[in-house]
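> quick one, structure for this:
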Amino acid sequence: MKGVIEMKNSRVFIIAADQPLNYDTHFKNRLKNLMGRAARHASRFNALNLPEIQAAVNNNISKLQLRMNGKYMGLLDLMNYTKNGRQLPELTPENFDKFLTHSDMITLNGIYLYHYLRSKGFEPEIIQNFSLADWPDLLRKKPLAVCISSNFIYLDEIGDMAVKIKGFDPQIPVIAGGMLVKKVLNAGPNLFPETMNWLTTFQDKVDIFVIEFQGEQTLVNVLSALRNEGDLADVPNLAFFDGNKEMVFTRREQEYLEMDRTTIDWSEIPRAYLRKTLPVTSSRGCIFRCRFCTCWRLCPEVHYKSLSVLRNELRLIQNLGFVKHIRFTDDNLTGNRKRMESILEMMIGEKFDFTWSTYARASALTPKMLKLMKRAGCEFVNMGIESGSQMILNNMDKHLKRDLVIEAIKRLNDHGIYGEGGFILGYPGETPDTFAETVDLINSSKLPFYQPNLFYYSKDMLVNEDKDKFGLSGLGLSWRHNTMDSAEASRLMVDMIQRIEHGFNEPQVSVWETFRLLRGEGYRPEEIYELLKLKRSLKQTLEVSSPRQGLSAQATEILKRIEAIVKDGGRGRSSKTPTPISLHTSP
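Numbers count the residues shown, from 1 in each chain. As a prediction, the model looks like this:
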């Protein structure tokens, strides 16, 4: 495939994410994508009606959402609603910066590719949110290529983006890469026929797929080939359509880039790409092999930044002068306890102004570790707890004890660090009794935030080796095993909200996503907790009242309380002094 394009331009657009401004539309699009995937693979499972199961799952997932005035709403929508005189504002590229929205958050994939491509002599521009871009204006710059990361975007959505881009200029190459592309296309020519047929729908949309977990150097090689009219067949880790409209897979070569070389010089990142909350990575990979996880296949070994390099990167962020919060995006920041303690001692010594949040493993949250974390400015910890049943944890190869989890949560509360637990509902072996154990764990530990996730079945998971043992069949969110199917598991998710006394969640996005955004805006952790508590109270109130009669007195009172926090919020300063978390029942 020679001479794909006759351009010498070095400008490259990087699409990092696509977060529609309309939460309601975004959620409905997600349901549509799930139904499309179930329909696409239905013929592979004669004993299962995938579309029927997925329809039931979608119905239950919808019940997790707050719905008011006919619209699905997240916490930020509710805050905008109260701020805007109790009318949900229509966010546009012209006014979105006046409201709270996840659409304006930055992700590390775009920042990192910008930094890397710039070091290789290209002129990258980050399109953090596809939905906010003025594409007719952008494409007048005649870029060398448009690169789309699949880390936060479904492939169907990437196809839709490519159609829009090609509609303005059919000659601009569109390149897709990232974690999801790697997962879906990793089998190369041995893909399922249904998947291969589906990929043919990307013809004349996506020109090149980069099939490599890191992929930085592969992308540079692709861009160099485009700029110099080289032959893509000579570039490893690719898939593209040849002149006969057949998909070609090139040879595979695993990339390796030392973590210290992935550090970002934040002083060189344009201010337009930065926010008051920034993402930072200190390591890549995880030492554990949980049977529901596929991340370890993408990065089977753990790689670390050196302490000196991490210190310098954090100093660069400190010197920006406006950052209030950072989010460590490591798969498991606490995986190496000795290293973690060194990081915390370094941060304490540096006396950084920003607070921070992270993923952490409950078993690592010892009294010593938590004391250091609090002194270093930690405010929020996201834990993959997965289940309150020891039997299910054992099935998962989680290497985690239920009692230890409860102790860790209580310690977090005592240190004034907010915890969020991720839970997988419906994992093989799940029953109503094991589900009840999960509910009991959340209630008895007084976990402030929880994120219920329906078990997602992939053939790349280690649990696939146990499919005969568990009677497991299906795909994605449409599955069945010996003790339940995904429709029943999703119904338990709905039941969960009613049975959790003190904990709160954000169904479409995790609480952590909302927390870090609101911390950047100056809202105090206790205000964020109260807002999520009031949101759940409003949802419960609306569910038992008649829409025809308008807002009840109780709903009106809840909205007043939200309005008071929104009006006064964002003015407080965080404190690193431990304040035990006190949880109270919702009104």
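> would you mind writing the CA trace of the helix or strand containing Arg327 as CSV?
For Arg327, the enclosing helix or strand under DSSP states H and E is strand 325-328. Presented in CSV, the C-alpha positions along strand 325-328 are these (Å, rounded to 0.1, in the frame of the first residue of the first chain):
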residue,chain,number,x,y,z
HIS,A,325,-5.8,17.8,42.4
ILE,A,326,-4.0,15.0,40.6
ARG,A,327,-5.2,11.5,39.8
PHE,A,328,-2.8,8.6,39.7
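> from the contact counts, what lies against that strand?
Contact analysis of strand 325-328 by 3 or more Cβ pairs under 8 Å, 6 or more residues apart in numbering; DSSP states H and E lists strand 277-280, strand 355-360, helix 511-520 as its packing neighbours. For the C-beta atoms, the positions are set from N, CA and C on the backbone; glycine is no exception.
> just the buried positions in the helix or strand following that strand, please.
The C-terminal neighbour of strand 325-328 among helices and strands, as given by DSSP H and E, is helix 337-350. Neighbour-count burial for helix 337-350 flags Arg339, Met340, Glu341, Ile343, Leu344, Met346, Met347, Ile348 (criterion: 16 or more other Cβ atoms under 10 Å).
> in contact with the residue lying closest to Asp260 once chain neighbours are set aside, which residues?
Of all residues not flanking Asp260 in the chain, Val309 sits nearest, at 4.7 Å (Cβ to Cβ, 6 or more residues apart in numbering). If you count contacts by Cβ atoms under 8 Å, 6 or more residues apart in numbering, Val309 has them with Met259, Asp260, Thr263.
> can you check Lys324 too?
Lys324 makes contacts with Lys276, Thr277, Asp353, Phe354, Thr355, Arg519, Gly520, Gly522, Ser574, as judged by Cβ under 8 Å, 6+ apart.
> ok, of those, which come out buried?
Those of the contacts of Lys324 that meet the buried threshold are Lys276, Thr277, Phe354, Thr355, Arg519, Gly520, Gly522, Ser574, by 16+ other Cβ under 10 Å.
> quick one: pLDDT of the last one?
Reading off the per-residue confidence, Ser574 sits at a pLDDT of 42.
> I'd assumed Asp353 was in a helix, is it?
No. Remark: Asp353 does not belong to a helix; assigned using DSSP: H, G, I helix; E, B strand; the rest coil, it is coil.
> from Ser150, how far out is it?
With the distance defined as Cβ to Cβ, to the nearest Å, Asp353 ends up 35 Å from Ser150.
> again with Leu393
In this view, Leu393 and Ser150 are 31 Å apart by Cβ to Cβ.
> in contact with Gly285, which residues are there?
Here Gly285 is in contact with Cys295, Trp296, Cys299, Pro300, Glu301, Val302, His303, Asp331 (criterion: Cβ under 8 Å, 6+ apart).
> top of the residues you listed by neighbour count?
Of all these, Asp331 has the most neighbours under the rule other Cβ atoms under 10 Å, reaching 20 neighbours.
> what's the burial count for the nearest residue to it once chain neighbours are set aside?
With Cβ to Cβ, 6+ apart as the measure, Cys286 is the residue that lies nearest to Asp331, at 4.3 Å, once sequence neighbours are left out. Close neighbours of Cys286, defined as other Cβ under 10 Å, add up to 21.
> was I right to think Cys286 contacts Leu298?
No. With contacts defined as Cβ atoms under 8 Å, Cys286 does not count as touching Leu298, sitting 10.2 Å away.
> which other residues reach stretch 163-180?
If you take Cβ under 8 Å, 6+ apart as the criterion, stretch 163-180 is touched by 4-5, 109, 135-136, 139, 142-151, 153-155, 158, 161-162, 204-213, 215, 218-219, 222, 226, 298.
> what segments of the stretch 251-400 of the chain are helices?
Shown for the stretch 251-400 of the chain, the helices assigned by DSSP state H, counting those that start in this stretch span residues 295-298, 307-320, 337-350, 367-375, 390-395.
> cool, and the stretch 1-150 of the chain?
Per DSSP H, counting those that start in this stretch, the stretch 1-150 of the chain has helices spanning 23-41, 50-63, 75-83, 108-119, 135-139. These are given in chain order.
> out of the ones you listed, flag the one nearest Ala564.
Distances from Ala564 to each of these were compared using Cβ to Cβ; the minimum, 9.2 Å, belongs to helix 75-83.
> what lies in contact with the closest one?
Around helix 75-83, the neighbours that count as contacts under Cβ under 8 Å, 6+ apart are 23, 66, 68, 71, 73, 87-89, 91, 99-102, 506, 514, 517, 531-532, 535, 538, 559, 562-563, 566.
> which of the residues you listed are buried?
Neighbour counting with 16+ other Cβ under 10 Å marks 23, 66, 68, 71, 73, 88-89, 91, 99-102, 506, 514, 517, 531-532, 535, 538, 559, 562-563, 566 as buried within the contacts of helix 75-83.
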